[in-house]
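> curious how this folds, go ahead:
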Amino acid sequence: MPSESVTAHLTNIETSLRDEGDLDPLLDAVGDSRFVLLGEASHGTSEYYLWRERITRRLVREKGFSFVAVEGDWPDCYRVNRFVKGYDDAGTSAREVLHTFERWPSWMWANEEIVALTEFLRDHNSHVPGEEKVGFYGLDVYSLWNSMQAVERYLRRVDPEAAARARRAYGCFDPYGEDVQEYAMATALVPTSCESEAVAMLMELRHGAPQYREDGREAYFNAEQNALTVRNAELYYRTMVRGGPDSWNIRDNHMVETLERLMAHHGPKAKGIVWEHNTHIGDARATDMARAGMVNVGQLVRQRQEPEGVVLVGFASYQGSVIAGAEWGAPMQRMPVPPARTGSWEEILHSESPADRLLLFNGDEPEEMLEPRGHRAIGVVYNPTHERFGNYVPTVLPHRYDALLYLDRTTALRPLHFPVRQDGEAPETFPSGM
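Numbers count the residues shown, from 1 in each chain. Here you go, the predicted model:
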């Protein structure tokens, strides 16, 4: 049973959570912060997306935030960015644009909940000047081939000779048939890689920046980010095959580098909102990730920025349903999420009250709240029957987050792509897809 002193203290730091107005204490806590990182305990829960959208609306309207950056691929998300900013030939509807998210797990961004966010951003941007339009970007590192293609397309338009050099350089990857696993395995077996080619193209693009920017600052920034993603993706996939924490750290460092580039791109007064899994936005030093040698976005942003300028918001729920796959690349399924494990933070919160609420941590929590307890984490790969073996991250909750939204019962999000299989069971597999 939960400690009485823990539950007694919870009543002093929490407020009810019924509608958008109940977010007032969180907006007060954000104050003038420039970074607000919004988590999720799974990639397939509707309420996490809905509450993040409500928070984002208020941050954009009331605090003047400049962009939303998500755990998604840069090229796919940049199409959304073009749509929400009203660029020519950017698509006619949010659903049309979001349907282009086809890489597994497509449901993370191709869902009805993101349609609502996209439509809000598009409408908001239609009423503000160009330099004040709120952007939508992807922070992730997975888009090796799509980013190479984007660099080549850009150079064909602005510098055909450089485009030919890009084609020759990126041709190093051709033998692998757009199969990142095959590339990773090949570099593990033979001491060779395409690293120098990826680095060379990034350097060439940056060398031509004064000329290329004349064609449009935003277009150049997009091309440069794709070239940077190629360089870091090559390193990520080459490192991933060896195992250990290094590939995770490369990925999260890439996401922070991209976030910092976005802040610089949007100017000295920029403010950024991040949507990622709790395992990325909650400070890794408050979990067992630190002992494993892993860092994450929340930790790095706290370390690199003024601490008072960063707000980390976690999410949790006791039980419900979720969209996930039984293994990597498997069809998406609507799965049950069983009641939380005994002794976990979710079970303690549920035992105190099965009501949705917002918790704000003030640094004055008692010792009982500073004890590591399990905190549920569901990735894109999930098996509900394996809850007793995994899916919980030992967490010092007040150190991992500045705030937590606890939603007692949650439901699966609504994907745009079909079909969705129902409640299948299959063995869990690696990677977990956080």
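
> for the rest of this, base every contact and every neighbour count on C-alpha atoms.
Fine.

> strands of the stretch 201-350 of the chain, start to end?
In the stretch 201-350 of the chain, the strands defined using DSSP state E, counting those that start in this stretch lie at 272-275, 310-316, 319-325, 332-337.

> how far does the last one sit from the chain's center?
So the one you mean is strand 332-337. Put simply, strand 332-337 sits 21 Å off its chain's centre (CA atoms, centre = their mean, to the nearest Å).

> how big is the angle separating it from strand 319-325?
Here strand 332-337 runs at 150 degrees with respect to strand 319-325, directions being taken by axes from the mean of the first three to the mean of the last three CA atoms, to 10 degrees.

> what is the mean pLDDT for strand 332-337?
Average pLDDT, strand 332-337: 97.

> mind pulling up the pLDDT for M434?
Looking at M434, its pLDDT stands at 67.

> and D423, by the same measure?
Note on D423: pLDDT of 51.

> for the residue in the chain sticking out farthest from the centre, what are phi and psi?
For the chain, the residue at maximal distance from the C-alpha centroid (CA atoms, centre = their mean) is E161, at 36.0 Å. Dihedral angles of E161 (phi, psi; degrees, to the nearest 10) stand at phi -70, psi -40.

> okay, it: pLDDT?
Note for E161: predicted pLDDT of 96.

> for E131, same thing?
Reported pLDDT at E131 in the predicted model: 89.

> what about it, how many neighbours?
Here the number of neighbours of E131 (other CA atoms under 10 Å) works out to 10.

> so who does it touch?
Going by CA atoms under 8 Å, 6 or more residues apart in numbering, E131 touches no other residue.

> before we move on, what SS does it have?
helix (DSSP: H, G, I helix; E, B strand; the rest coil).

> what's the closest of the strands of the stretch 201-350 of the chain to R261?
strand 272-275 (11.0 Å; CA to CA).

> reformat the strands of the stretch 201-350 of the chain as TSV; add mean neighbour count and distance to E62.
Listed next are these as TSV, based on neighbours: other CA atoms under 10 Å; distance: least, CA to CA, whole Å:
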stretch	mean neighbour count	distance to E62
strand 272-275	25	13
strand 310-316	25	16
strand 319-325	25	32
strand 332-337	23	35
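
> and E102, which of these is closest to it?
It's strand 332-337; of these, that one is closest to E102 (CA to CA) at 12.5 Å.

> parallel or antiparallel, list what pairs with that closest one.
Strand 332-337 pairs in its sheet with strand 319-325 (antiparallel), strand 421-422 (parallel), by DSSP bridges.

> out of the ones you listed, which gets the lowest mean score?
Per-stretch mean pLDDT for those is lowest at strand 421-422 (a mean of 65).

> related to what we said a few turns ago, the strands of the stretch 201-350 of the chain into JSON lines, with extra columns for distance to P210?
Formatted as JSON lines, the strands of the stretch 201-350 of the chain follow (distance: least, CA to CA, whole Å):
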{"stretch": "strand 272-275", "distance to P210": "27"}
{"stretch": "strand 310-316", "distance to P210": "33"}
{"stretch": "strand 319-325", "distance to P210": "45"}
{"stretch": "strand 332-337", "distance to P210": "45"}
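
> still on that earlier bit, possible to save the strands paired with strand 332-337 as a markdown table with distance to D246?
Formatted as a markdown table, those follow (distance: least, CA to CA, whole Å):
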| stretch | distance to D246 |
| --- | --- |
| strand 319-325 | 25 |
| strand 421-422 | 34 |
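
> other SSEs contacting the longest helix belonging to the chain?
Ranked by residue count and defined by DSSP state H, the top helix of the chain is helix 217-240. Secondary-structure packing of helix 217-240 (3 or more CA pairs under 8 Å, 6 or more residues apart in numbering; DSSP states H and E): helix 74-84, helix 144-158, helix 180-189, helix 195-207, helix 246-265.

> repeat that for 6 Å
helix 144-158, helix 195-207, helix 246-265 (3 or more CA pairs under 6 Å, 6 or more residues apart in numbering; DSSP states H and E).

> S93: which of those helices is closest?
Among the helices and strands packed on helix 217-240, the nearest to S93 by CA to CA is helix 144-158 (22.6 Å).

> tell me the domain ranges of the protein?
4-138+272-422, 144-265 (automatic domain parsing).

> measure the last one end to end?
Read that as domain 144-265. Criterion CA to CA, to the nearest Å; first-to-last residue distance in domain 144-265 is 23 Å.

> circling back: which one of the domains of the chain is the most hemmed in?
Of those, the one with the most neighbours on average (mean count of other CA atoms under 10 Å) is domain 4-138+272-422, at a mean of 19.

> who touches stretch 94-110?
43, 115, 415-416 (CA atoms under 6 Å, 6 or more residues apart in numbering).

> from start to finish, how long is that stretch in a straight line?
Stretch 94-110 has its terminal residues 10 Å apart, counting by CA to CA.

> and it, average pLDDT?
Averaging pLDDT along stretch 94-110 gives 95.

> could you number the chain from 12 rather than 1 from now on?
With 12 as the first residue, the last one maps to stretch 105-121.

> now that stretch: how far from the chain's centre is it?
Here the centre of stretch 105-121 is set off from its chain's centre by 15 Å, with CA atoms, centre = their mean.

> do stretch 187-203 as well
Distance of stretch 187-203 from its chain centroid, counting by CA atoms, centre = their mean, is 26 Å.

> pretty sure V407 sits against A297.
Yes. If you go by CA atoms under 6 Å, V407 and A297 touch, sitting 5.3 Å apart.

> CA atoms of stretch 285-303 as CSV?
C-alpha atoms of stretch 285-303 as CSV (Å, rounded to 0.1, in the frame of the first residue of the first chain):
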residue,chain,number,x,y,z
VAL,A,285,8.3,19.8,-27.6
TRP,A,286,6.1,16.7,-27.9
GLU,A,287,7.9,13.5,-27.1
HIS,A,288,7.7,10.4,-25.0
ASN,A,289,8.3,10.7,-21.3
THR,A,290,11.5,8.7,-21.7
HIS,A,291,12.8,11.6,-23.8
ILE,A,292,11.5,14.7,-22.0
GLY,A,293,11.7,13.5,-18.4
ASP,A,294,15.1,14.2,-16.9
ALA,A,295,17.1,10.9,-17.3
ARG,A,296,19.1,11.6,-14.1
ALA,A,297,16.0,10.9,-12.1
THR,A,298,15.7,7.4,-13.5
ASP,A,299,17.8,4.2,-14.0
MET,A,300,18.7,5.5,-17.4
ALA,A,301,21.6,7.4,-15.9
ARG,A,302,23.1,4.3,-14.5
ALA,A,303,23.0,2.7,-17.9
